[in-house]
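K.L.:
Generate coordinates for the sequence data below:
(one chain, ligands or ions: 1)
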Amino acid sequence: MAEKPACVSSQIPNDEDTPKEENIRCLPLLDHFGFECLPHQLVNRSIQQGFTFNILCVGETGIGKSTLIDTLFNTNFKEQKSSHFYSHVGLKIHTYELQETNVQLKLTVVKTVGYGDQINKEASYKPIVDYIDAQFEAYLQEELKIKRSYFNYHDSRIHVCLYFISPTGHSLKSLDLLTMKKIDSKVNIVPLIAKADTISKNDLQKFKAKIMNELAENSIQIYQCPVDDETIAQMNSSMNEHFPLAVVGSMEEVKVGKRMVRGRQYPWGVLQVENESHCDFVKLRDMLLCTNMEDLKEQTHTRHYEQYRCYRLRKMGFTDVGPDNQPISFQEIYEAKRQEFHEQCQREEEQLKQRFMQRIKEKEATFKEAEKELQDKFEHLKRVQQEETLKLEEERRKLDEEIIEFYKMRAASESLQTQTCSNVKKDKERKK
Ligand SMILES: Nc1nc2c(ncn2[C@@H]2O[C@H](COP(=O)(O)OP(=O)(O)OP(=O)(O)O)[C@@H](O)[C@H]2O)c(=O)[nH]1
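P.N.:
Residues are numbered from 1 along each chain as shown. Next up, the predicted model:
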């Protein structure tokens, strides 16, 4: 059905009836027909839906991330420069709607802020790893929803990480190796030597070789352009040989002969960004936008996201085979998980009860001890008070005795005084 006849006569090759060659009437095809049209349907649908592409730029402050993105998309995204004095690494996220002819592209650019300015290396790569994982998690949550809305869901998973290497000409920094090692299983890494115009051609080749050696020594996986498709195999295999790509960014138009080109003007000449003998910018642009964007997206979905998804589902307790290595259904896993959860709840409830009883016992013992202490204290005070009372009573008794003695003495002295007075009176009367 899909085979299109070159001309009508080819179907009836027969002896005398066959018209002479000059009489064959060729009918031109007016349009495609049959299932040969399937690719066109895909193209039309993709154009209608538009494309999304998410780029993560990791590199030191001022290394040329914004300029390169502007140059890649030939657009001035008007990014503000970051300071070297951030206390931690952060991420700037911007989404742009771009259009070229009838093709729409929703481009998300995520850029590091404060990277390379921190002493703590773990705190430098962790926000990057967390961000990549968070986008996978958001997609997984959408996938697990009963009512999924992929049509208007903004897939923010990172398709490519442009890793900007400082053009030192020596070797990779320990932070570069550490960060790339942490993210190489989560994202397609494309290593770039930034500001490649600041390094001589000879040194650049040695630097490239050194970087590739260091990446291999540390088993860091970088993105490999696919070579299984004949149409792009040659281009991609030479691209893989050029890694890490040495790039130069510039939005400035400089005059070279009679033409205006994008480049960087120096006293010794002009470095043309789009000249392949000057830098690898064109290679990067072709690789990212013309040949491998779909592969980058596919690798993100089938390799990196798949790995994250497996890890998360296993962590949730899902598995494809049971302990006896036999396939296990979702329903069985669900039931087993529910049972396990129920048992765990009961175990925890029992533990809580026991802990509660234990606490009550401990509190009771403490209260009893405190009560006993109070009782002892009370008894002691009571004894002290009784002793005091006895002492006071003894003292009162003594006082009472002293008072009686006093009264007695007073009475005796009064009687003595009376006696003395009457004797004096008698003496006076006698004298008279
Ligand atoms: N020589 C040279 N300079 C460059 C290149 N790319 C950018 N620059 C310059 O480097 C400076 C910083 O560039 P940006 O693109 O703002 O760097 P960035 O990494 O986005 O900076 P932050 O967002 O502030 O971290 C600017 O003055 C650019 O003109 C390049 O390829 N070569």
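K.L.:
Point out the residues in the stretch 201-350 of the chain that sit beside the ligand.
P.N.:
Contacts of the stretch 201-350 of the chain with the ligand, taken as Cβ under 6 Å from any ligand atom, map to 248, 249, 264. (Each C-beta comes from the backbone N, C-alpha and C, glycine too.)
K.L.:
can we see that at 8 Å?
P.N.:
Residues of the stretch 201-350 of the chain that fall close to the ligand, judged by Cβ under 8 Å from any ligand atom: 247, 248, 249, 250, 264, 271.
K.L.:
so which of those comes closest to residue 90?
P.N.:
residue 249 (22.0 Å; Cβ to Cβ).
K.L.:
doesn't that closest one fall inside a helix?
P.N.:
No: according to DSSP: H, G, I helix; E, B strand; the rest coil, the state of residue 249 is coil, so it is not within a helix.
K.L.:
ok, it to residue 89 distance?
P.N.:
Distance from residue 249 to residue 89, counting by Cβ to Cβ, to the nearest Å: 22 Å.
K.L.:
Show me the helices in this structure, by range?
P.N.:
Applying DSSP state H to the chain gives helices spanning 38-49, 65-73, 121-144, 174-183, 201-217, 230-242, 281-285, 293-299, 306-316, 330-431.
K.L.:
worst average pLDDT in those helices?
P.N.:
When those are compared on mean pLDDT, helix 230-242 scores lowest, with a mean of 79.
K.L.:
which of the residues in that helix are buried?
P.N.:
232, 235, 236, 239 (16 or more other Cβ atoms under 10 Å).
K.L.:
Export those residues as TSV, with columns for distance to residue 116.
P.N.:
Shown next, in TSV, are the buried residues of helix 230-242 (distance: Cβ to Cβ, whole Å):
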residue	distance to residue 116
232	34
235	33
236	31
239	27
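K.L.:
can you put the helices of the chain in CSV and add distance to residue 164?
P.N.:
As requested, the helices of the chain are exported to CSV (distance: least, Cβ to Cβ, whole Å):
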stretch, distance to residue 164
helix 38-49, 31
helix 65-73, 6
helix 121-144, 13
helix 174-183, 9
helix 201-217, 12
helix 230-242, 16
helix 281-285, 12
helix 293-299, 18
helix 306-316, 25
helix 330-431, 44
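K.L.:
Which one, of those helices, ends up nearest to residue 162?
P.N.:
Using Cβ to Cβ, the nearest of those to residue 162 is helix 65-73, at 7.4 Å.
K.L.:
tell me the contacts of residue 350?
P.N.:
With contacts defined as Cβ atoms under 8 Å, 6 or more residues apart in numbering, residue 350 has no neighbours.
K.L.:
do you know how far it is from the ligand?
P.N.:
Applying Cβ to the nearest ligand atom, to the nearest Å, the value for residue 350 to the ligand is 56 Å.
K.L.:
How about residue 267?
P.N.:
In this structure, residue 267 and the ligand are 13 Å apart, going by Cβ to the nearest ligand atom.
K.L.:
got it, and residue 139?
P.N.:
Per Cβ to the nearest ligand atom, residue 139 is found 27 Å from the ligand.
K.L.:
was I right about residue 142 contacting residue 150?
P.N.:
Yes: counting by Cβ atoms under 8 Å, residue 150 is a contact partner of residue 142 at 7.3 Å.
K.L.:
Give me the more crowded residue out of those two.
P.N.:
residue 142 (14 against 9; other Cβ atoms under 10 Å).
K.L.:
Residue 400: how many residues sit nearby?
P.N.:
Per other Cβ under 10 Å, the neighbour tally for residue 400 reads 10.
K.L.:
any idea how far the ligand is from it?
P.N.:
Applying Cβ to the nearest ligand atom to residue 400 and the ligand gives a distance of 103 Å.
K.L.:
List the residues that contact the closest residue to residue 77 other than its chain neighbours.
P.N.:
Distances taken as Cβ to Cβ, 6 or more residues apart in numbering put residue 70 closest to residue 77, at 5.7 Å, once the chain neighbours are dropped. Residue 70 makes contact with 76, 77, 79, 249, 251, according to Cβ under 8 Å, 6+ apart.
K.L.:
Quick one: buried ones out of these?
P.N.:
residue 249.
K.L.:
nearest to the ligand, of the contacts of residue 70?
P.N.:
Lowest distance from the ligand to the contacts of residue 70 (Cβ to the nearest ligand atom) belongs to residue 249, with 4.0 Å.
K.L.:
For residue 396, grab the count of nearby residues.
P.N.:
10.
K.L.:
show me the contacts for it.
P.N.:
Residue 396 neighbours (Cβ under 8 Å, 6+ apart): none.
K.L.:
Also residue 130?
P.N.:
Per Cβ under 8 Å, 6+ apart, neighbours of residue 130: none.
K.L.:
so what's the spatially closest residue to residue 340 that is not a sequence neighbour up against?
P.N.:
Spatially, and ignoring its direct neighbours in sequence, residue 340 is nearest to residue 317 (7.7 Å; Cβ to Cβ, 6+ apart). Contacts for residue 317 (Cβ under 8 Å, 6+ apart) come out as 333, 337, 340.
K.L.:
Before we move on, what's the pLDDT of the residue in the stretch 301-432 of the chain that the ligand sits nearest to?
P.N.:
Closest contact between the stretch 301-432 of the chain and the ligand, by Cβ to the nearest ligand atom, is at residue 304 (24.7 Å). pLDDT for residue 304: 97.
K.L.:
So which bits of the stretch 51-200 of the chain are right by the ligand?
P.N.:
57, 59-70, 79-83, 92, 111-113, 115, 164, 194-198.
K.L.:
residue closest to the middle of the chain?
P.N.:
For the chain, residue 130 is the residue whose C-alpha lies nearest the centre (Cα atoms, centre = their mean; 1.2 Å).
K.L.:
can you list contacts of stretch 195-204?
P.N.:
63-64, 167, 169, 193, 207, 246-248, 264, 266, 271, 278-280.
K.L.:
Would you mind listing the buried residues in it?
P.N.:
Under the neighbour-count criterion of 16+ other Cβ under 10 Å, stretch 195-204 has 195, 196, 197, 199, 204 buried.
K.L.:
now swap in stretch 35-54 and tell me
P.N.:
52, 53, 54.
K.L.:
Thanks a lot, catch you later.
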